[in-house]
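Undergrad: Starting from these lines, generate the structure:
(chains A and B)
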Amino acid sequence: MAERSFAKEVEKLKLGEGEEFRGEGILAVTKALLQSGVSYVGGYQGAPISHLLDVFADANPILKDLDVYFEASASEATACAMLAASVNYPLRGAVAWKSVVGTNVASDALSNIASGGCTGGTLVIVGEDYGEGSSIMQERTHAFAMKSQVWLVDPRPDLGEIVDLVEKSFELSEASQTPVMLELRIRACHMYGRFTAKDNVRPKFTQKMAKENPVRDLNRIVLPPANFLHEHEKIEQRWPNAVKYIEDNKLNEWFGPQESPSKDNIGIICQGGMFNTLNRALERLGLSDSFGNTKLPIYCMNVTYPMIESEVIDFCKDKSAVLMVEEGQPEFIEQTLNTVLKRGDVACKVSGKDVFPSAGEYTGDVMRRAVEDFLKQNAPDALEPALITVPSILDAETRNLLAAHVPLRPAGFCTGCPERPIFTAMKLVAREIGEFHVSCDIGCHLFSILPPFNIGNTTMGYGLGAAGGSALNVEAYQRSLAVMGDGGFWHNGLTSGVGNAVFNNNDNVLLIVDNNYSAATGGQDILSSRNDNDDRSTQHGIADAAKGVGVKWIRQLNRTYDVKGMKNLLKEAMTTTAKGPKVIIAQSECMLNRQRREKPLFAKRVKEGKRAVRERFGVDPDTCTGDHSCIRLSGCPSLTIKPNPDPLRQHPIAHVDNSCVGCGLCGEVSHAAVLCPSFYRAEVIFNDTAWDRFAARTRQRVIGWFQDRRDQSIAARSL
Amino acid sequence: MTEMPQQGSFTPAEQDTAKPITIAVNAIGGQGGGVLAEWIVHLADNNGYYAQYTSVPGVAQRTGATVYYLEIFPESAVPDDKDAPVLALMPASGDVDVVIASELMEAGRAMIRNFVTPDRTTLIASSHRVYGIIEKSAMGDGIADAGAIREIARKQAQQFIDFDMDALAADAGTVISSVLFGALAGSGALPFPKEAYEQVIRDGKRAVPTNLAGFASGYDGAQQALTGKSEEPIKVQDPDETILRSKATTREGGKIIDRIIAEFPKQAHVYLYEGAKKCADALDIKYAHEYLDKAKEIAALDTSDTKELTAETARYLALWMAYEDTIRVADLKTRASRFKRVREEVRAAPDQLVYTVEFMHPRYVEIAEATPAFIGSAMKKMTWLEKATAPLFSKGRFVKSQKLSGFLLLNTVAAMRPIKRITLRHKEEHARIAKWLARVTETAPRDYDLAVQIAKCQQLIKGYSDTHQRGLANFHRIMEQLDARPDMTADQLMALQVAALADEHGKTLEAAITEMDEREAIAA
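TA: Alright, predicted model coming up:
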């Protein structure tokens, strides 16, 4: 059901020893898990890690063959709690989610597994959604690693290195009874590259063996007195064991000479994930080449937590200054580095956030400027001006000119999206009953806050739309409205939002957007998915669940494109005298996925010679006056503008391009908002029948007669 | 590549070692930029190049601007002791060899980010526009200036290849990715032969013939662009008198054209011709003469050399006189030419059947307006009737204009055209037109520019039902201001007009008026 199918790519997971793997980072990680003898995997979708879950799902037959259990977890907390299976048993487990938001959700379970410790290796793969393309608050997963004392692996972006570190992470976890987090940055997740594969390994110990021979160890349960014991264990045993494993197995890397060629002995310490960007910056300063043969010593921390004190002291002890390349803030590593050097009495100057900006992604440009500044301050002779590649960038004036013309492209609903009409209806309701407060949730529906809808006041996290409006439960002439997606509903919204509203006699309105599955993250199935799924139990209605927790006023609309129906429902909910939470379920399938499924079927039908009707919308250029009200109530990518063909008119006219999928919204809007008669729906018939042709001929005879007369009249009064 | 520190292991970086070729694909989510990037990956993979490809999927996939980034590196240049080159995961200023923009403004965005530099970048851009939501949702003309972007691109890129690849894709029945892939091949920016590209498309096994057709047109387009055959748009010339005369198709039409030439300054001829054509089409030849009569009164007042007042009044008077009422819409919707246009728009095959459904929402007031004025105005006063018939007008109608029931209904309404003059709507519009022209006439002698601006205010009135009402209300609100402030300048009036088009709720207009009040208060 997923938006992207990996059915073909997962075949690469079967590659054996010595064969070359070529593919995406996400797939390489899955291969690494299989090479590590993992027993179970789980996780919760969200960019940039959604595809990992899709790969797990599409690879399920391969996983099953290897006795690997895969669960599509209900939330990140569920996924993390799965790791409990590795507390008492030598089972290797891996779970994945989007970070930092997923780690927030999982943090209760994460603290528990980190405290009690694990027997089998446990790996948490986090997709670090930071920097360009990110959709969430900019925070660091590093803080979670520090507070729970789980090890953080930040691999150098090279598929071979990533795969190697996945395998070693399990060993590290087992050596130190501590979960390991593998931090994959957004680009590394989707990086296409190569590595040499190994054979897959069938887990030696299985869940069946565990179930049939249960083991219990009171010391592993977080409850007094063991909880106090755990803290000591972390510091006195697990930490030193981890450090020893990392040292012995050389998880961190060194590049370049031990001493820099400049007279001031300097070096650079970087997070593994930053290495490639750093190398390119050095290349452009004439200090490295395309193979990482740098002229300056580099210590590359593939493990960013814990810091290996012996290694950093050794690296820094003879140097006058080092540059700490650490993306994100606060600069935890830099602070620790200073502490370590001070304690070790190493007189090396640490440079970091003094030359790097505190906030924001370390792009190629940021990196190059910072490295250059560091060198200017600490080793000016290392810079050979002749070798520096100076980019000939735009002058400020041209840049400003460009910026003034290039339009912003805020994210928006896809062509034909069933969520769009919900917000069209909301806009129309606001025209009738006045503006109201809207508490938003996480999901595609959050695009309502952007043009052209501009609807929504806050968003407080996944599934928390209703909870985010809960304080506004006081008497007022206007109700507030909360939005929640089906994904968020099952993730936690059923209890945190719906149950909470029932319990606290909330009198507001909750609109639940149900698009058949978790659409925003790529079409993964959830409890209320409409389709059958061989591996999962689906078709559990949202309305039933809401009723189950005590909602009395509940309405469902099964075709969101019915703008008028949607509008009436919203208005009723906003104005009814009924007390208690009012829940509306707006249900229509995600158009992106629906088209992916139906377009080929349609083409096949046409090819087979069967009758098929394609619907799409159009605008008559001679009746459109170029006001664009329709666009302000839609924002559909296929509803666009074009220059006015009428030489007398100035304003561009509305225009429907050929990407229109005929969802029907344009027509509904012109009816519901009494807009304009310019829209038409065209029905294009493929493989017409004899009856079609007969009817068409008959119609044409009558219509043609009238049209001929009209044409004569038009010709007679033309100039 | 793990190496423990070793004294003396340092080898200086050679400046002449091979460098990766860096490629950025700047696209809009949903345009198929990912497909193009994957093709380039396979192209490199198949031809002895190491390829690294990254992207930042996520919300940008949903209609936002996004960058796919690739670096390719010759395997032959990888030394025996190395597995692979270290390649960057994101483009940096001045470090990009090829930028492929799937839309013109995305080329602009790439330039803002300094991906395009004169020393090395081949910029391949489709010159078509995908308008941003801000451009689209403007109440007037919000389209950004494409010419400015193109001009900068010519200077900023080492090679700039741009042509309408979207149109070529549509012609070939394919997606833009294949045309862009062809343009990349045609640009010669990568060290691969044309056949290698085509093989990648064949290996893809999906829509191979159409993709190859798109590829070929992209390849040819790029080659033409490189040989310097740029297509300069043909500038439309103002028709001179002979051209204008030659346009006459009927004797009556010829008379109208003769009148335009004889009675009006040449600066206004284009608008007058188009305007008269529109009026005749909306009603009859006599109506075109009425139009010219009205325009002539303004022309008589026009003492300027530019004749801007005559031209602009001619333009907006025609639009007003050809107001869009139920009769006109029904007429336009059922013409043979319109049926033909729809077929073209939906790209129907020559013998393919196409039907249209119209979305009409007639209201009581529109019915009243389409009746003779005495009935219509009575109807407007009969609120009981409006209430009694409300259910008839409460919902939108689907009119199947190419099937008999729908066509005959609309055809009957369209047939009322000859008696349009007696309808309530006609009387109402002409009363408004008269008032507007009187205002222009009265203003012209004392403030020419202001009179021109008053004429231009007509463009506020457009659309149907609520939209029309709103436009009309804005128009009246501004005219009220004009009456209240005898010393209003053309610039001030223009500012109000711009404000009226700034938002749907009239907030900006009201703010502009308040600001005017405040300024006057201070001045006083």
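Undergrad: From now on I want contacts and neighbour counts done on CA atoms only, so please keep to that.
TA: Will do.
Undergrad: ok, residue 173 - contacts?
TA: In the absence of a named chain, this looks at chain A. Taking CA atoms under 8 Å, 6 or more residues apart in numbering or on different chains as the criterion, A:Ser173 is in contact with A:Cys118, A:Gly120, A:Gly121, A:Thr122, A:Leu123, A:Pro179, A:Val180, A:Ala242.
Undergrad: try chain B instead
TA: Contacts for B:Gly173 were tallied using CA under 8 Å, 6+ apart; they are B:Thr210, B:Gly214.
Undergrad: Check which helices and strands the helix or strand where A:Leu52 lies sits against.
TA: Using DSSP states H and E, A:Leu52 sits in helix A:50-58. Counting contacts by 3 or more CA pairs under 8 Å, 6 or more residues apart in numbering or on different chains; DSSP states H and E, helix A:50-58 packs against helix A:25-35, strand A:69-72, strand A:93-99.
Undergrad: Would you map the helices across the stretch 101-250 of chain B?
TA: Ranges of helices in the stretch 101-250 of chain B, per DSSP state H, counting those that start in this stretch, are B:104-112, B:133-137, B:146-156, B:165-172, B:176-187, B:194-204, B:208-226, B:241-246.
Undergrad: Tell me if the fourth one is near chain A.
TA: Spelled out, that is helix B:165-172. No: judged by CA under 8 Å from any CA of the partner chain, helix B:165-172 stays clear of chain A, getting no closer than 9.0 Å.
Undergrad: same deal with the fifth one?
TA: No: counting by CA under 8 Å from any CA, chain A is not contacted by helix B:176-187; separation bottoms out at 12.3 Å.
Undergrad: Give the other helices and strands that that helix contacts.
TA: With contacts defined as 3+ CA pairs under 8 Å, 6+ apart, the packing partners of helix B:176-187 are helix B:33-46, strand B:122-126, helix B:165-172, helix B:194-204, helix B:208-226.
Undergrad: Could you pull up the mean pLDDT of the second one?
TA: The predicted model assigns strand B:122-126 a mean pLDDT of 97.
Undergrad: So what's the residue count around the residue of the stretch 51-200 of chain A at minimum distance from chain B?
TA: Per CA to the nearest CA, A:Met191 is where the stretch 51-200 of chain A lies closest to chain B, at 4.5 Å. When neighbours are counted by other CA atoms under 10 Å in any protein chain shown, A:Met191 registers 27.
Undergrad: cool, and B:Glu195?
TA: Neighbours of B:Glu195 using other CA under 10 Å come to 10.
Undergrad: Need the pLDDT of B:Lys462.
TA: With respect to pLDDT, B:Lys462 has a value of 89.
Undergrad: Could you do A:Tyr680 as well?
TA: pLDDT, A:Tyr680: 95.
Undergrad: hang on, it is in a helix, isn't it?
TA: No: if the criterion is DSSP: H, G, I helix; E, B strand; the rest coil, then A:Tyr680 is strand and not within a helix.
Undergrad: Can you tell me who the nearest residue to it once chain neighbours are set aside pairs with across the strands?
TA: Distances taken as CA to CA, 6 or more residues apart in numbering or on different chains put B:Glu358 closest to A:Tyr680, at 4.7 Å, once the chain neighbours are dropped. Taking DSSP bridges as the rule, B:Glu358 bridges to A:Tyr680, B:Val399.
Undergrad: Now do the same contact list for B:Glu358.
TA: Counting by CA under 8 Å, 6+ apart, B:Glu358 makes contact with A:Pro677, A:Ser678, A:Phe679, A:Tyr680, A:Arg681, B:Arg397, B:Phe398, B:Val399, B:Lys400, B:Ser401.
Undergrad: most packed of the helices and strands packed on helix B:176-187?
TA: A comparison of these by mean neighbour count, using mean count of other CA atoms under 10 Å in any protein chain shown, puts strand B:122-126 on top with a mean of 28.
Undergrad: Identify the neighbouring strands of it in the sheet and state each direction.
TA: Applying DSSP bridges, one finds strand B:122-126 paired with strand B:98-101 (parallel), strand B:159-163 (parallel).
Undergrad: most packed of these?
TA: The highest average neighbour count among the strands paired with strand B:122-126, using mean count of other CA under 10 Å, belongs to strand B:98-101 at a mean of 26.
Undergrad: Backbone dihedrals for B:Ser304, please?
TA: B:Ser304 has phi and psi values of phi -80, psi 160 when expressed as degrees, to the nearest 10.
Undergrad: and what of B:Ala24?
TA: Dihedral pair for B:Ala24: phi -110, psi 130, per degrees, to the nearest 10.
Undergrad: Over to A:Lys582?
TA: Backbone geometry at A:Lys582, expressed as degrees, to the nearest 10, gives phi -110, psi 120.
Undergrad: near chain B at all, the helix or strand that contains A:Gly267?
TA: Following DSSP H and E, the helix or strand that holds A:Gly267 is strand A:266-271. No: Strand A:266-271 is not in contact with chain B by CA under 8 Å from any CA; minimum separation 12.3 Å.
Undergrad: show me what contacts B:Met222?
TA: Just to correct that, residue B:222 is Ala rather than Met. Here B:Ala222 is in contact with B:Ile161, B:Asp162, B:Gly182, B:Ala183, B:Leu184, B:Gly186, B:Ser187 (CA under 8 Å, 6+ apart).
Undergrad: Closest one to chain A out of those, please.
TA: For these, the residue nearest chain A by CA to the nearest CA is B:Asp162; the value is 16.8 Å.
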